[in-house]
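Trainee: need coordinates for the below:
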Amino acid sequence: MKSGITRRWLKGSLLSIILILLLAEGIFLWLYSQNYYNSVRQNMGMQFSTIIGQLNTYTGETEESAAQARSMALRRMVEQFQARDKFEFMLLDAQGQVIASTSGVSVESIVDNEDFADAQRDGERGSAQYITETGERVMATCMLLPYNAGDVAALRLVTSLTLVDRRLYQALFISLLAIATILGGAVVSGLYFVQSIVLPLGKMEQAAARIAAGDLNVRMPEKGDHSDEIDRLNASINQMAEGLAETERIKNEFISSVSHELRTPLTSIKGWIETLEVIHDPEDENYRKGLAIIRSEADRLYTMVEELLDFSRLQNGRLPISPQPLDLVAEVTDAVLFSEPRCTQNGLQLVYDEPEETIPVYADPDRMRQVFINVIDNAIKYSVTGGRITIKVWAGKKKAFVEIFDQGRGISPADLSNVKSKFYKGKNAVWGSGIGLALVDEIMTVQDGTLDIRSTLGKGTVVTLGLPLYTPGKKPHLQVGEPDEKRNV
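Mentor: Numbers count the residues shown, from 1 in each chain. Take a look at the predicted model:
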């Protein structure tokens with residue numbers, strides 16, 4: 001279930017929340033950083049305004065003398081600059097070269113003329129951010145002088161962004177912490193909501209699987225008021241299980257009823273066939289052939305009815321099973337003798353090497369005879385003329401096994417997993433009720449036996465029957481599992 005609804009929630013709602021939070025985080029950090037950088041630029045602009053205001057007071061008799069006075073005043077301002085702890089103040093010539101600076105030393109390591117070029121493009125002021133040769137991030141703002149000041153053409157202020165970046169990192173940490181808190185709350189609340197749906201659905205899935213496996217007694221808990229969808233779905237599952245149980249009961253009753261209805265006329269038909277064989281002329285070949293066909297079809301229908309009755313009894317727990325110690329070799333031999341005439345009639349070779357030693361098992365002799373004849377009958381039905389049916393009996397460590405090989409048409413892989421299901425008939429199936437192997441499987445299961453079917457399409461099928469070995473004087477301890485030994489077709 002985690003790969004279903006929970007994964008959808010993770011890919012849908014939670015992923016959307018994460019993307020929204022990341023987008024909000026990016027917008028917040030961008031606005032926050034722009035606010036700080038704009039504040040720094042505004043502070044620099046205020047410094048420029050103060051300097052320009054002071055220059056307005058310097059005049060002279062001529063423009064040249066006024067320019068000279070302004071140049072000297074700017075140099076004194078550089079030497080007496082009070083905000084030197086925050087800014088580096090520089091004077092630039094017309095080529096952007098540094099004439100003077102507040103540090104009084106070489107400023108080549110912090111100079112980048114991008115701000116000067118930007119100011120020339122703008123015609124008034126330019127700004128740039130870059131990393132100095134010492135690895136420090138700085139912001140530089142350059143302003144062109146609005147009037148003549150001798151060799152001084154522009155002013156530059158440079159400030160470190162270390163403090164600003166530190167504030168930004170603090171804001172990033174706090175915002176990430178807030179995102180983690182929000183995301184954690186979303187995950188907890190979301191998982192709680194999802195699990196409130198997933199867990200009931202998981203129980204419904206298990207109940208549906210059990211119902212599909214045939215357990216129609218499964219019921220889901222109901223609140224009674226059917227106030228939400230989960231409770232209503234539980235009620236629907238219970239209603240479905242009750243309906244299936246009723247359908248199963250009706251079906252078994254139907255099979256039992258139809259079987260009883262068919263058995264009486266079929267018995268009458270068989271009696272009349274025997275009478276007609278005595279009364280009518282046996283020399284009439286067509287008549288005798290028709291009688292043989294009628295007898296064969298009647299026997300076939302009679303067998304089908306018996307299977308339906310047995311299966312119905314077994315499903316309702318009324319099929320008598322009386323296990324007792326018996327010789328498996330003798331039971332298989334009797335079944336082989338019974339089936340030999342039909343094999344000969346169908347042009348098949350029946351190969352059976354009867355073991356010399358007895359193999360004691362604990363089973364119902366009548367039901368085992370039914371099982372052996374049913375499996376051999378299937379081998380005959382699906383074999384072609386000239387084929388061979390081989391029967392082998394041997395004892396393993398804890399179980400005895402009977403294998404029936406045929407060289408018939410085989411079973412397709414798609415049908416092989418379903419051939420033991422009741423009423424299932426594969427694509428290669430011939431006449432029959434479709435419950436023969438289901439009945440065999442039920443009889444073997446009731447006796448703690450096993451039924452294993454292996455087949456290769458177009459080559460043949462091998463059916464392996466396993467029964468627990470019986471030790472005289474010891475209470476039977478029946479083992480259910482795989483055969484001790486596998487044999488190929």
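
Trainee: for the rest of this, base every contact and every neighbour count on C-alpha atoms.
Mentor: Noted.

Trainee: excluding sequence neighbours, find me the nearest residue to Asn217.
Mentor: Take Asn217 and drop its neighbours on the chain: the residue closest to it by CA to CA, 6 or more residues apart in numbering is Ala241, 7.2 Å away.

Trainee: tell me the contacts of the one you found?
Mentor: Ile211, Leu216, Asn217, Val218, Arg219 (CA atoms under 8 Å, 6 or more residues apart in numbering).

Trainee: so what's the residue count around Arg121?
Mentor: The number of residues packed near Arg121 is 11, by other CA atoms under 10 Å.

Trainee: returning to what we had before: need the contacts of Ala241 in TSV with neighbour count, can you?
Mentor: Listed next are the contacts of Ala241 as TSV, based on neighbours: other CA atoms under 10 Å:
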residue	neighbour count
Ile211	19
Leu216	20
Asn217	13
Val218	15
Arg219	18
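
Trainee: helices of the protein, residue ranges please.
Mentor: Here the chain has its helices, by DSSP state H, at 7-9, 15-55, 63-79, 114-122, 162-212, 229-279, 285-315, 328-345, 365-381, 413-416, 436-446.

Trainee: looking at stretch 158-171 now, give me its mean pLDDT.
Mentor: Taken as a whole, stretch 158-171 has a mean pLDDT of 83.

Trainee: what's around the residue nearest to Ile237 when sequence neighbours are not counted, how many residues?
Mentor: Nearest residue to Ile237, sequence neighbours excluded (CA to CA, 6+ apart): Met220, at 7.1 Å. Neighbour count for Met220, taken as other CA under 10 Å: 17.

Trainee: Gly135 too?
Mentor: 10.

Trainee: got the phi and psi for it?
Mentor: phi 90, psi 10 (degrees, to the nearest 10).

Trainee: from Gln129, how far out is the nearest residue to Ser312 once chain neighbours are set aside?
Mentor: Among residues not flanking Ser312 along the chain, Asn252 sits closest, at 5.7 Å (CA to CA, 6+ apart). To Gln129, Asn252 is 88 Å away according to CA to CA, to the nearest Å.

Trainee: got it, and Glu114?
Mentor: Taking CA to CA, one finds Glu114 at 9 Å from Gln129.

Trainee: sorry, back to before: tell me how many other residues crowd the residue nearest to Ser312.
Mentor: Using other CA under 10 Å: Asn252 sits among 19 other residues.

Trainee: is it correct that it is in contact with Leu308?
Mentor: No - checked against CA atoms under 8 Å, the pair Asn252 and Leu308 is beyond contact range at 9.2 Å.

Trainee: closest one to Gly460 among the helices of the chain?
Mentor: helix 365-381 (9.0 Å; CA to CA).

Trainee: bridging residues for the spatially closest residue to Thr471 that is not a sequence neighbour?
Mentor: Counting by CA to CA, 6+ apart, Pro360 is the residue found nearest to Thr471 once chain neighbours are left out, at 7.4 Å. Beta-bridge pairing for Pro360 (DSSP bridges): Asp327.

Trainee: residue contacts, Pro360?
Mentor: Pro325, Leu326, Asp327, Leu328, Leu469, Tyr470, Thr471.

Trainee: mind putting those into CSV with pLDDT, neighbour count and distance to Ile179?
Mentor: Compiled in CSV, these are given as follows (pLDDT from 0 to 100; neighbours: other CA atoms under 10 Å; distance: CA to CA, whole Å):
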residue, pLDDT, neighbour count, distance to Ile179
Pro325, 90, 16, 76
Leu326, 91, 17, 77
Asp327, 91, 17, 78
Leu328, 92, 24, 75
Leu469, 89, 24, 69
Tyr470, 85, 23, 72
Thr471, 79, 13, 73
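
Trainee: about what we covered before: what pLDDT does the residue nearest to Thr471 get?
Mentor: In this model, Pro360 carries a pLDDT of 91.

Trainee: pretty sure Phe87 contacts Leu161?
Mentor: No - the pair Phe87 and Leu161 does not pass the contact test of CA under 8 Å, sitting 10.8 Å apart.

Trainee: and the contacts of Pro360 as JSON lines, adding distance to Thr461?
Mentor: Supplementary listing: the contacts of Pro360 in JSON lines, determined by distance: CA to CA, whole Å:
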{"residue": "Pro325", "distance to Thr461": "29"}
{"residue": "Leu326", "distance to Thr461": "27"}
{"residue": "Asp327", "distance to Thr461": "26"}
{"residue": "Leu328", "distance to Thr461": "22"}
{"residue": "Leu469", "distance to Thr461": "25"}
{"residue": "Tyr470", "distance to Thr461": "28"}
{"residue": "Thr471", "distance to Thr461": "32"}
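
Trainee: tell me the one of these nearest Ala298?
Mentor: Closest to Ala298, out of all of the contacts of Pro360 and judged by CA to CA, is Leu328, at 30.8 Å.

Trainee: neighbouring strands - and their directions - for the longest strand seen in the chain?
Mentor: Secondary structure of the chain per DSSP state E: the longest strand is strand 137-149. With DSSP bridges as the test, strand 137-149 is paired with strand 125-131 (antiparallel), strand 152-160 (antiparallel).
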